[in-house]
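Visitor: quick check, what structure comes out for this input:
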Amino acid sequence: MNDSFKLKEIKNFLHINKVIVCAPLETRVRPHNQGKIQKKLGDRWNWICNYGSTNKGRIWLGWVKGEARVRLLLASEQFVIVEVQNTQGECLFHYAAIYGLHTIEDRKSLWDDLRSFVNGLHSPCILMGYYNDVYQAIDKLQGSDITHAETMDFSNFMVDNCLSEAPTSGNFYSWSNKGHGANRISSRIDKAIVNVEWVSKYSDVVVKYLNAGVSDHSPLLFSLAEAHHEGGGRPFRFLNHLADQTGFLDMVKKAWDSPHCSWKMKKLFVNLHKTKEAIKIFHASSYSQAHCMVDAYRRQLETLQANPALNHDVDLQESEKETLEMLKKWSLINMSVVRQKSRISWLSQGDANSKFYFTAVKVRNAKSKIAMLLHNSQGEILTDPVIIGEEIKAFYMKLLGTNSDSIEAINIGMVRKGPRLSHQACNMLIQPVTTHEIDAALASIDDAKAPGLDGFNVVFSRKLGQ
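Guide: All right, here's what the predicted structure looks like:
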């Protein structure tokens with residue numbers, strides 16, 4: 001920021017994007033120069049810096065006067081944590097501006113301090129900035145290989161505190177060394193990490209990774225005023241727990257008994273469609289509110305156990321036993337549904353870590369939304385859902401081509417000159433598929449495998465094959 005050219009670009013970026021709260025990192029401004037540089041950015045800004053923790057003052061946090069209120073909570077060499085409030089003084093979220101040091105050992109204090117902060121927090125929080133660290137292999141392109149030791153602390157911090165990366169758009173890598181050809185190294189060392197409360201309140205907020213401009217790092221930008229985009233209807237997805245419910249097989253058998261049809265493929269299509277509709281009704285009528293049933297049975301159990309007569313009233317004791325059984329049943333159903341939707345396969349079915357599961361579901365839903373296209377063919381940013389749909393349609397129409405009355409035939413002679421399968425291999429490929437092969441294929445598929453386009457998965461097929 002000592003460079004007048006870069007300072008002008010930063011000022012222009014803040015103005016064009018109407019930024020209200022910002023956190024420039026690695027400013028390289030000495031303590032005695034901070035007032036002069038801040039004045040050049042404009043009198044409308046208030047600033048908090050971490051010069052009290054390091055004379056390098058790598059983290060500046062600024063906000064526009066009259067647009068927001070900011071209260072300093074914690075500061076260290078590697079972060080500045082504040083509470084961001086609206087103009088009425090109501091807390092909007094907690095914000096940690098991060099600047100991770102360069103070695104694994106130096107960053108250990110960062111993880112410890114952040115862990116202490118987020119553990120006792122019950123309001124939305126975003127931890128955003130330059131972590132100087134990655135937690136998965138795809139976060140780096142070229143350069144030296146990522147080791148487990150490099151990712152372990154970051155990964156443990158995320159999992160232990162039920163944190164997740166915020167939904168993002170734009171560029172994937174946030175930093176590059178500006179090298180040329182094979183010497184260019186890119187990585188995603190700038191991230192926005194959020195807690196469960198953030199996901200619950202701001203699930204539609206997308207962090208945009210913009211072009212780096214004059215910096216080595218991409219600016220990360222988000223707005224709480226993101227429009228809430230309504231999606232279409234939910235596609236059908238078979239829920240595994242339904243296969244274990246009483247009456248499931250009878251319901252499927254009844255739905256499968258469709259009117260006679262001479263075309264086998266059409267009959268299969270009609271039967272699957274009727275079965276799908278029957279399953280939707282079966283689920284909606286009895287199992288669609290599993291989480292509500294869990295809450296209801298918890299309250300019922302609490303009421304029963306608070307009754308002093310429970311110790312000598314046999315009827316109350318029997319009610320307690322039945323309530324416990326129903327609570328366990330509905331809790332397992334609820335966890336099965338949420339686990340399947342979140343696709344978190346490495347947590348056990350009995351692990352009642354519903355807070356983490358629900359966070360994973362909300363993050364997946366937020367990431368699956370196309371809230372914006374960073375650029376269309378003219379380089380414009382699109383946010384309107386209708387225009388986004390038209391742009392996607394136009395892209396694939398151009399990609400797939402147009403109708404043609406004729407197509408160029410394959411040159412058989414040229415094909416025969418190239419590599420070909422042996423006669424034995426050709427015969428093997430046209431052999432009839434046996435029942436044993438089908439059963440073996442089904443048995444090898446994991447229950448958590450994503451369903452096909454029709455929404456049915458391997459659990460449904462296995463249940464019908466029993």
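
Visitor: avg pLDDT for the longest helix along the chain?
Guide: Using DSSP state H to assign secondary structure, the helix with the most residues in the chain is helix 314-342. Taken as a whole, helix 314-342 carries a mean pLDDT of 87.

Visitor: next: stretch 10-23.
Guide: Across stretch 10-23, the average pLDDT comes to 93.

Visitor: repeat for stretch 77-90
Guide: Averaged across stretch 77-90, pLDDT comes to 94.

Visitor: list the buried residues for that stretch?
Guide: Buried residues in stretch 77-90, counted by 16 or more other C-beta atoms under 10 Å: E77, Q78, F79, V80, I81, V82, E83, V84, Q85. For every residue, glycine as well, the C-beta is placed using N, CA and C.

Visitor: could you work out the end-to-end span of that stretch for me?
Guide: The first and last residues of stretch 77-90 sit 28 Å apart, counting by C-alpha to C-alpha, to the nearest Å.

Visitor: pull the contacting residues for L316.
Guide: L304, N307, A309, L310 (C-beta atoms under 8 Å, 6 or more residues apart in numbering).

Visitor: list the pairing partners of the helix or strand containing E83 within its sheet, with orientation.
Guide: Element membership for E83 (DSSP states H and E) is strand 79-85. In the sheet, strand 79-85 lines up against strand 69-75 (antiparallel), strand 91-99 (antiparallel) (DSSP bridges).

Visitor: could you confirm K191 falls within a strand?
Guide: Yes - applying DSSP: H, G, I helix; E, B strand; the rest coil, one finds K191 inside a strand.

Visitor: can you count the residues close to it?
Guide: Counted with other C-beta atoms under 10 Å, the neighbours of K191 add up to 24.

Visitor: thinking it is in contact with E165, fair?
Guide: Yes - between K191 and E165 there is a contact under C-beta atoms under 8 Å: 6.0 Å.

Visitor: if we can go back for a sec, between the buried residues of stretch 77-90, which is nearest H15?
Guide: Nearest to H15 among the buried residues of stretch 77-90, counting by C-beta to C-beta, is V84 at 20.2 Å.

Visitor: can you name the residues bridging to the closest one?
Guide: V70, F93.

Visitor: show me the contacts for it.
Guide: Counting by C-beta under 8 Å, 6+ apart, V84 touches V21, W63, A68, R69, V70, C91, L92, F93, H94, Y95.

Visitor: now it: how far from H94?
Guide: According to C-beta to C-beta, to the nearest Å, V84 and H94 sit 7 Å apart.

Visitor: which positions in the longest helix of the chain come out as buried?
Guide: 319-320, 323, 326-327, 330-342.

Visitor: go on, stretch 240-256?
Guide: N240, H241, L242, A243, F248, M251, V252, A255.

Visitor: quick one: mean pLDDT over that stretch.
Guide: The average pLDDT for stretch 240-256 rounds to 87.

Visitor: other residues contacting it?
Guide: By C-beta under 8 Å, 6+ apart, stretch 240-256 touches 271, 274-275, 277-279, 282-283, 286-287, 332-333, 336-337, 340, 447, 457, 459-460, 462-464.

Visitor: which among these count as buried?
Guide: Buried by 16+ other C-beta under 10 Å: 271, 274-275, 278-279, 282-283, 287, 332-333, 336-337, 340, 457, 459-460, 463, out of those.

Visitor: in helices, which of the residues you listed fall?
Guide: 271, 274-275, 278-279, 282-283, 332-333, 336-337, 340, 459-460, 463.

Visitor: can you tell me which of those is nearest L25?
Guide: Closest approach between these and L25, by C-beta to C-beta: Q340, at 39.8 Å.

Visitor: I'd assumed I333 was in contact with the closest one.
Guide: No - if you go by C-beta under 8 Å, Q340 and I333 don't touch, sitting 10.9 Å apart.

Visitor: thinking again about what came up before, closest to G35 out of the buried residues of stretch 77-90?
Guide: Set against G35, the nearest of the buried residues of stretch 77-90 by C-beta to C-beta is V80 (18.0 Å).

Visitor: show me what the closest one is bridged to.
Guide: Beta-bridge partners of V80, as defined by DSSP bridges: A75, A97.

Visitor: which residues touch it?
Guide: Residues in contact with V80 (C-beta under 8 Å, 6+ apart) are A23, I48, C49, N50, I59, L61, L72, L74, A96, A97.

Visitor: burial check on the last one, number of neighbours?
Guide: Residue neighbour count, defined by other C-beta under 10 Å, stands at 26 for A97.
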